[in-house]
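Visitor: Build me a model from this:
(chains A, B and C)
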Amino acid sequence: MAELLRTHPLEAWRADFERLPGTVGITVEPYVAVVDVRLGTVGAEASAALGVDLPTAPNTWVPTGTGRAVWLGPDEWLLTSTTETPEELEARVRAAVLPLGGSATDVSAQRIGLRLTGARVRDVLAKGCSIDLHPRVFGRGSSAQTTLGQAGVVLLALSDSADDHVVLVRSSFAGYLADWLLDAALEFTSVPLTHDR
Amino acid sequence: MQLIACPWCGPREEVEFSYGGQAHVPYPDSPAELSDEEWAHYVFFRDNPKGRFAERWNHSAGCRRWFNAIRDTTTYRFERVYRLDDPKRGGTELASSRKEGTAP
Amino acid sequence: MTSPFRAPEGGRIDRAGTVEFTFDGQVLTGHPGDTLASALLANGRHQVATSIKLGRPRGIAAAWAEDPGGLVQIEEPFPEPMLLATTVELHDGLAAHGLPGQGRLADVPDSARYDAVHHHVDVLVVGAGPAGLAAALTAARAGARVALVDEQSEAGGSLLSGTERLDDAPALDWAADAVAELAGSPEVLHLQRTTAFGSYDDGFVLALERRTDHLGAAAPKHVSRQRVWRIRARSIVLATGAHERPVVFADNDRPGIMLAGAARTFLHRYGVLPGREAVVFTTNDSAYDAALDLRRAGVRVQAVVDARPEGSPRREECEHAGIRVLSGAVVTGTQGVERVTHALVAPFADGAVGPSSAIACDLLLVSGGWNPAVHLFSQARGRLRYDEVLGAFLPGEALDGLTVTGSAAGVFDLAGCLADGQRGARAALTALAIAPAGEDRLPATPDPVVPTAPLVLWRVPDTSGADGSTSFVDLQRDATVADIARAVGAGLRSIEHIKRYTTIGTAHDQGKTSGVLTSGIVAELLGIPVQATGTTTFRPPYTPVAFAALAGRDRGRLFDPERVTALHEWHVAAGAVFEDVGQWKRPRYYPQPGEDMQTAVLRECAAARTGVGILDGSTLGKIDVQGPDAAVLLDRLYTNLISSLKVGSVRYGVMCGVDGMVIDDGTVLRLAEDRFLVLTTTGGAAKILDWMEEWAQTEWPDLRVHCTSVTEQWVTFPVVGPRSRDVVGAVFPGVDVSNEAFPFMTWRDTTLDGVPVRLARISFSGELAFEVYVNPWYAVAVWQRLLDAGRPYGITPYGTETMHVLRAEKGYPIVGQDTDGTVSPHDLGMAWAVSKKKPDFVGKRSFARPANADPLRKQLVGLLPVDRETVLPEGSQVIDFLADGQLPPPPVPMLGHVTSSYRSAELARPFALALVKGGRERIGDTVHVPVNGTLVPVEVTGSVLVDPEGARRDG
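Guide: Coordinates of the predicted model:
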């Protein structure tokens, strides 16, 4: 039997994303393994077990070599991995944090990621995000759980110049957010978008 | 649009938060031992002061953590916020704080 | 083409360009830079409309948003009611007509775009007049993040209306340099045509930017027409200026009567002569500038009528220019119908008016002093104080993070405004710990003329015999001094009550010219200080804001997010009819060609009961509960015992609030000793996760348990019906799907081409059923495999409507449909799901309250219409007859109501679920349901109507 095909909720939006100018670039992030990690106290023991220094400063993320560790709350993180399957990542992390009173849950499909790049990205985000995205305030390594438009998102800053962000959004809201972003980007593009939605 | 200072995430717009009513009204240790009236007071009765009030808030669109706040109900101003595990408990000096689930 | 009242030179209009527009059907021309008002005046047209109640002619009485007279309806480029001619920028093709106080909404959809933008700054400066520009420069030079917003089309504020000089050059040169400097500062956002209309908590200001209105048909379609700026400022400097205030006298509403400062604006900014022969009536020095400027422009100024006995030191200047100055005199009335023709002027001393004489004029300018624009300060809950000398309300306290500067703070001279703006910005910087720049020079101003004190005069005693009934306070509302006297005579004392009684200040200008006048006149009539009268509350918006602008981009498809499952495109292609379940779009049914909903649902139901059906149940809430104390938490939150559940098994559970009423239900899968998968209702997903977190965080932080939403981590496909075992067995050959190996209420993990899949024997229909769980990345592929395998059995995709019928036939309640927050598990007939072993759980103590044992509580029962035809409307009342079979007299006692009602393929008749008082005791009785005016007899039954023995669930 043929291998099971994967689909992405934003399949139908890719063509419109590709028409956007570089000042408001939107690309769909590839699927990666993601676990939601819960851990009461983060110490050397946890870092050793996980092989990652989980960020303890609120609203930050750090690169881990094979992915990212994103602060979600005082005892909650997202850990991503580009080198493991979701099942492998969950099993490994769960084994590591369980003895420490923690938990790990595969949430690889819970959210999808969009990469927003270009000089106008901050302007697009400012149309629906109430937090201050000035690069001095929200530079590389910053993250925020907040709302963008009417969707809850996790926002990651990838640069110190406010021109490179990743937005993580619940999969069921992906279409809404894609429409929202395309609409917000409209004034920065002279190319009419044809996607009929 | 007020700002509310989440003890972890810092100031965010109030729409990111949800209200949890009066703080420091713990679930009774032994509900079965309470009279109907005492239980009704736990379930249904809360203070409604004019002025300072200890409240529970949840940063529901952010880190999803619950915290407590002292807020003035006449001005809406937040005097301060404090974590649930704050040993000072913040609200003990308030007239509105009270022992668990007992009739006044 | 020169319009008759266009000054030969001057103004900031582009005289080389011509703009053609239509007013009241007449084609007229103006110049780029005109407003509709200035273009009308240039064409000699003062009257714009008639008044709302009295039908009196009304004209342009001010030059901007404070104008109470010039209301227009825009017809082209897009219908928009209730705009002021003074604030509409002229463009080619503009078509408008005057409005008698009320407009008409467009009856076509607005095709323009509107949006909102969040912006954060250290210092927000509102107003780009002298004070605001000085403040913005000071803040910008210090390196602060600055926003400067101003409602006019260009910066300069009062400088645009005058001839002031700074650094020995036209003051507007300085303003242009300031604008250029700000434009070169990377951290400065400078917005013209942007009105700050609301100030709120914590430095939050809303401002409306009119981005393309002035472009007319040339406006680009992909740019928002208007934008709401949501500005969060650490500190705010208000430099909002002041509004000139009229003096009330008899017949003070005729076209041709206008504020003195407005005439200066029309002259200097638009190059318009508002008349040929002017009388200037004033109580202060500022109107002398208008008299002199108009005279220099060629207007015959018949007289300056100064109410002050001593007049002004500028008298000599006027007389030198050939202008007669009448000190100690007032205007008592006017003549003229559609345009003022005469001003009636009389001596005035100690509040008494002498005999009047008429002076011919076609323009009567009035100045009663200046009201600082304290709106935004007051909206931010700043207290106002009345200044006896100025006859105006000023900011009366210092607010954290908000400084009022310039004429908004009662500083009216140019040098003072510049210095005050700088002071305000420096105060803001200091509070923010931002060091001011070393070089921050203010321009040099000429030596100011020392003004004489104004006279505070609200109204001229009415000698016309009309008793104040033509002395207009609020022109838009046709409200007069007589109306205020009537209100006071009726015993009203509060200015808020008088406002509502007279409607003064309730029109679209919100009392910009009438508010303080009313306070003054009320104080006079009551014989109390003006401070004691106070003002009415200033509320946003400062100027009207279109709902379209407030809605912004939250329209159409973006109005409310549509959540969809991974199969959405498949559902669309399959022709599903969708229904909204919260924000989710769920297929309701899949009609085949020619089918209506009833036919389709009966077909889908029959397939699930006799063959096999498949549902996209992915919207079910899913929560992963992990930790050594996971079972403890669930035992405390569910009414039934969860801890005894074996790994590999599933249990149905009910959750209640502390009041003992059902809040959600669903199944729980035990994945490991320390791990559960909790399924909630679609609508309860977020609520129940929050509920678990609330208890875990706030009450039981000692429990070692964590809850994580996995709603979108798994799609869920129930495969339902007697042939479901064949389908699932075919797709997952590695699983022994026999009843012995895979019994009801158990789950098994397997893989499909290496992809993990979880199967669970859960049934929401009473039929043999398997739920298939898989990562949504593979949703479409797995769904297709199931369809392919089911084809021999006629597998039928079904929607939520069929799901509802199937579950209702089994008496399975839907929380939120068959319950409403007042229904306990016992009321639902689910005492079996309430543990008697557990010492406590949330809600348990409430079950012991006497009210919960009342035999007359409403209980869930089934209803079968005796006629076997009527589908009872959901929500219908259930009523009882008297013992003699008669309908009781009104009010007819209600037994309860219908909660769910469907047509059943299985029963071959309609049926319903209902909450009925003492319902279980009534099983077998006949009660009645009123439907469309007739009483439908219905038999009360148990709630389980199909397969009450449960024989089908194992196939």
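Visitor: Return the residues of chain A in contact with chain B.
Guide: Within chain A, the residues that sit near chain B (C-beta under 8 Å from any C-beta of the partner chain) are A:58-59, A:72-74, A:76, A:130-131, A:144-147, A:152. Bear in mind the C-beta positions are built from the backbone N, C-alpha and C, glycine included.
Visitor: residues near C:E316, how many?
Guide: By other C-beta atoms under 10 Å in any protein chain shown, 11 other residues sit near C:E316.
Visitor: And it, which helix or strand is it part of?
Guide: Element membership for C:E316 (DSSP states H and E) is helix C:315-320.
Visitor: starting at the chain centroid, how far to that helix?
Guide: Relative to its chain's centre, helix C:315-320 lies at 54 Å (C-alpha atoms, centre = their mean, to the nearest Å).
Visitor: neighbouring contacts of that helix?
Guide: For helix C:315-320, contacts defined as C-beta atoms under 8 Å, 6 or more residues apart in numbering or on different chains pick out C:Y288, C:A291, C:L292, C:V304, C:D306, C:R324, C:V325, C:S327.
Visitor: any idea of the mean pLDDT for that helix?
Guide: Helix C:315-320 shows a mean pLDDT of 94.
Visitor: did I read that right, C:A631 in a strand?
Guide: No - read with DSSP: H, G, I helix; E, B strand; the rest coil, C:A631 is helix and lies in no strand.
Visitor: Excluding sequence neighbours, find me the nearest residue to it.
Guide: If the residues on either side of it in the chain are set aside, C:A631 comes closest to C:S643, at 3.9 Å by C-beta to C-beta, 6 or more residues apart in numbering or on different chains.
Visitor: list the contacts for the one you found?
Guide: Applying C-beta under 8 Å, 6+ apart, we find C:S643 in contact with C:A631, C:V632, C:L634, C:D635.
Visitor: wait, is it part of a strand?
Guide: No - counting by three-state DSSP, C:S643 is not found in a strand; it is coil.
Visitor: what distance separates stretch A:169-178 from the centre of its chain?
Guide: 12 Å.
Visitor: ditto for stretch C:618-633
Guide: In terms of C-alpha atoms, centre = their mean, the centre of stretch C:618-633 is set 38 Å apart from its chain centre.
Visitor: What is the end-to-end distance of that stretch?
Guide: 25 Å (C-alpha to C-alpha, to the nearest Å).
Visitor: sorry, back to before: pull the helix holding C:E316 out as PDB, backbone CA atoms only.
Guide: Taking Å, rounded to 0.1, in the frame of the first residue of the first chain, the C-alpha atoms of helix C:315-320 are listed here in PDB:
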ATOM      1  CA  ARG C 315      -9.000 100.400  19.500                       C
ATOM      2  CA  GLU C 316      -6.500 102.800  18.200                       C
ATOM      3  CA  GLU C 317      -5.100 100.300  15.700                       C
ATOM      4  CA  CYS C 318      -8.600  99.700  14.400                       C
ATOM      5  CA  GLU C 319      -9.500 103.300  14.200                       C
ATOM      6  CA  HIS C 320      -6.300 103.900  12.300                       C
END
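Visitor: Which SSE is immediately downstream of that helix?
Guide: Counting by DSSP H and E, the next helix or strand C-terminal to helix C:315-320 is strand C:325-327.
Visitor: can you give me how far the next helix or strand along the chain from that next one is from the chain middle?
Guide: Going down the chain from strand C:325-327, the next helix or strand is strand C:329-335, by DSSP H and E. The chain centre lies 45 Å from the centre of strand C:329-335; the measure is C-alpha atoms, centre = their mean.
Visitor: Please identify the residues of chain B in proximity to chain A?
Guide: Counting by C-beta under 8 Å from any C-beta, chain B comes close to chain A at B:1, B:8-10, B:12-13, B:15-16, B:61-65.
Visitor: among those, which ones are buried?
Guide: Among those, the ones that count as buried by 16 or more other C-beta atoms under 10 Å in any protein chain shown are B:W8, B:C9, B:R12, B:E13, B:E16, B:A61, B:G62, B:C63, B:R64, B:R65.
Visitor: picking that back up, the residues of chain A next to chain B: which ones sit near chain C?
Guide: A:S130, A:I131.
Visitor: can I get the residues of chain A next to chain B in a markdown table with secondary structure and distance to C:G184?
Guide: Below are the residues of chain A next to chain B laid out as a markdown table (DSSP: H, G, I helix; E, B strand; the rest coil; distance: C-beta to C-beta, whole Å):
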| residue | secondary structure | distance to C:G184 |
| --- | --- | --- |
| A:P58 | coil | 36 |
| A:N59 | coil | 33 |
| A:L72 | strand | 41 |
| A:G73 | strand | 43 |
| A:P74 | coil | 44 |
| A:E76 | strand | 45 |
| A:S130 | coil | 29 |
| A:I131 | coil | 28 |
| A:A144 | strand | 31 |
| A:Q145 | strand | 37 |
| A:T146 | strand | 33 |
| A:T147 | strand | 35 |
| A:G152 | strand | 39 |
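Visitor: tell me the SS of C:V625?
Guide: C:V625 ends up strand, using three-state DSSP.
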